[in-house]
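> structure of the sequence below:
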Amino acid sequence: MEYSRTKVDKAGERLTRESWNTDDQYLESELVLDEYRKLHIEPLTEITLKLQSWLTEFNEKYYIAQRIKRKPQILRKLKRFSIRLSQLQDIGGVRIIFEKNIHIDKFVDFLNLKNSKSRYFSVERETDYREKGRDDSGYRALHLILMRKGIKVELQLRSRIQHNWAERIERTSVIYGYYLKELDGNQEVLDYFKLLSNVFYEIEYERKPNNNMIDILENKRCLSEEIIKKSDKKNIFNSFVNESFIKAMISSDAALPNNLHNWMIVFDWNTGTFLHWLLITGKSDEAIKTYREWEKKWSADDGYEVVMIGSSDPSTIRKTHSHYFGLEAYSSILQNIESDFITLTQKEEMNSETRTVLQRLYNKGYWGAKKISLDTIKNHHCSGIANINNVINELENMGFIIKAMKDSYSLNLKKRKEIEKYI
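Numbers count the residues shown, from 1 in each chain. Model (predicted):
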């Protein structure tokens, strides 16, 4: 069912009101919002799949996932910016993370070349926050608004360091109890993250921040920690990452074809942990119905967050939306710049094709005695990779896979920890 723009905007207006005329009006407005979100699933998925297919020819490391915007987040954004529901351009979003900022520029040129031949979507707008960061928060990324079948989808392109900053502010928001990226919370904490973004920018371009900047940042970090510790909201300091859930998701996905699947995830802001998940294999009607039911069952008012994320591989979601999988316990809330500098300047070099093959073998569980033939790798698990022989040779040289008789291979159990750094 499709609604007019007027009806969509009216529903958004009603849902952001503090008081209601009737419960029927509220329910009707919720239905309109759900149907409007549903319209984004098909073009969003088509765009993500097309980008994934093009990325097999892009010889740089990347992670990609899509998501449909959550209802509470939609309503907060409508209130914050005083805009109409039909004006939102990021209800459907795709996120791609590259190793370096320069790879983003390279990818945009690659993307424009590919799309000029197929006209698969139109690029409606480009907003580059990478050099200066957003004035209000310091957020850095390149955003492209893509149009397909009359629906707009936001493509977020981030480097590893830019994504690191974004995930840190998300994790701190869980601990603190305020939506920092939405400028909620104490201004001192917001100022800390804005300066941290500037410091990360210097590190991104291999310039060590000057001592004055580091001293100011350290002072702001200490002050922010004290403010967060005194928060009257969440104060989650001893959370954990639920590895059993992650393993179960990977195991569930391994039995399915290598297509894009939607995952419904429940995150508990009260405890900072990953609470529940469900693999949605049906069409958009089923996905949005489940989304609506889960948003009612696990209400944002009670401290829960329900999100629908699409990916061909659940281990990718852990990279693109890591804070949903729980927070690692740590004694201090915010890392100091010395540990940040060491972490962010570490190299994780592996091209995308090699990583894809390694990831597929890992997810399918080809360890030790469980072997797979080269033909099966080529024709079933990694059919889109043209240079498969070169990739296999590279993995052999790294010691990550072991060759048995008759061109069959398995992952090297002795290298498991090293392999998992790339997954």
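
> the residue nearest to Ala141 when sequence neighbours are not counted: what secondary structure?
Leaving out its chain neighbours, the residue that sits closest to Ala141 by C-beta to C-beta, 6 or more residues apart in numbering is Arg158, at 4.6 Å. The C-beta positions use only the backbone N, C-alpha and C, and glycine is treated the same way. For Arg158, the secondary structure call by DSSP: H, G, I helix; E, B strand; the rest coil comes out as strand.

> break this structure into its domains for me.
Domain assignment of the chain by automatic domain parsing yields the ranges 243-339, 352-420.

> show me how far the helix or strand containing Leu361 is from its chain's centre.
Element membership of Leu361 [criterion: DSSP states H and E] is helix 352-364. On the basis of C-alpha atoms, centre = their mean, to the nearest Å, helix 352-364 sits 19 Å off its chain's mean C-alpha point.

> which helices and strands sit right next to it?
helix 243-254, helix 314-320, helix 388-397, strand 408-411, helix 416-420 (3 or more C-beta pairs under 8 Å, 6 or more residues apart in numbering; DSSP states H and E).

> what does the shortest one contact?
Read it as strand 408-411. Residues outside strand 408-411 that contact it (C-beta atoms under 8 Å, 6 or more residues apart in numbering): 361-362, 366-374, 377, 392, 400-404, 419.

> go again using 10 Å as the cut-off
358, 361-362, 364-377, 392, 395-396, 400-404, 419 (C-beta atoms under 10 Å, 6 or more residues apart in numbering).

> sorry, back to before: average pLDDT across the helix holding Leu361?
Helix 352-364 comes out with an average pLDDT of 83.

> that helix to helix 388-397, inter-axis angle?
If you take axes from the mean of the first three to the mean of the last three C-alpha atoms, to 10 degrees, helix 352-364 sits at 70 degrees to helix 388-397.

> compute the inter-axis angle for helix 352-364 and helix 243-254.
Going by the same axes, to 10 degrees, helix 352-364 makes 100 degrees with helix 243-254.

> quick check: next helix or strand after helix 352-364?
Following helix 352-364 in sequence, per DSSP H and E, is strand 372-373.

> for that next one, which strands pair with it and how are they oriented?
Its sheet considered, strand 372-373 pairs with strand 408-411 (antiparallel) by DSSP bridges.

> re earlier: how close does the residue nearest to Ala141 get to Ala287?
Separation of Arg158 from Ala287 (C-beta to C-beta, to the nearest Å): 25 Å.

> more neighbours, these two?
Under the criterion of other C-beta atoms under 10 Å, the comparison of Arg158 against Ala287 puts Arg158 first, with 26 against 21.

> how far out from the middle of the chain is whichever strand or helix holds Arg221?
Assigned by DSSP H and E, Arg221 falls within helix 211-229. Relative to the chain's own centre, helix 211-229 is displaced by 27 Å; criterion: C-alpha atoms, centre = their mean.

> buried residues, the biggest helix by length in the chain. List them.
Across the chain, the longest stretch assigned as helix under DSSP state H is helix 23-55. Neighbour-count burial for helix 23-55, counted by 16 or more other C-beta atoms under 10 Å, picks out 29-30, 32-41, 43-48, 50-52, 54-55.

> stretch 65-83 too?
65-78.

> distance to Thr273, secondary structure and pLDDT added to these, as JSON lines?
Formatted as JSON lines, the buried residues of stretch 65-83 follow (distance: C-beta to C-beta, whole Å; DSSP: H, G, I helix; E, B strand; the rest coil; pLDDT from 0 to 100):
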{"residue": "Ala65", "distance to Thr273": "20", "secondary structure": "strand", "pLDDT": "92"}
{"residue": "Gln66", "distance to Thr273": "24", "secondary structure": "strand", "pLDDT": "94"}
{"residue": "Arg67", "distance to Thr273": "19", "secondary structure": "strand", "pLDDT": "93"}
{"residue": "Ile68", "distance to Thr273": "22", "secondary structure": "strand", "pLDDT": "94"}
{"residue": "Lys69", "distance to Thr273": "22", "secondary structure": "coil", "pLDDT": "93"}
{"residue": "Arg70", "distance to Thr273": "18", "secondary structure": "coil", "pLDDT": "90"}
{"residue": "Lys71", "distance to Thr273": "21", "secondary structure": "helix", "pLDDT": "90"}
{"residue": "Pro72", "distance to Thr273": "19", "secondary structure": "helix", "pLDDT": "89"}
{"residue": "Gln73", "distance to Thr273": "20", "secondary structure": "helix", "pLDDT": "91"}
{"residue": "Ile74", "distance to Thr273": "24", "secondary structure": "helix", "pLDDT": "94"}
{"residue": "Leu75", "distance to Thr273": "24", "secondary structure": "helix", "pLDDT": "92"}
{"residue": "Arg76", "distance to Thr273": "23", "secondary structure": "helix", "pLDDT": "91"}
{"residue": "Lys77", "distance to Thr273": "26", "secondary structure": "helix", "pLDDT": "92"}
{"residue": "Leu78", "distance to Thr273": "29", "secondary structure": "helix", "pLDDT": "92"}
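
> if we can go back for a sec, so for Lys194, which of the domains of the chain sits nearest?
Proximity to Lys194 (C-beta to C-beta) singles out domain 243-339 among the domains of the chain, at 13.6 Å.

> if we can go back for a sec, so which of the domains of the chain gets nearest Lys61?
Of the domains of the chain, nearest to Lys61 by C-beta to C-beta is domain 352-420, at 5.3 Å.

> now do the end-to-end distance for the closest one.
Chord length of domain 352-420, first to last residue, is 15 Å (C-alpha to C-alpha, to the nearest Å).
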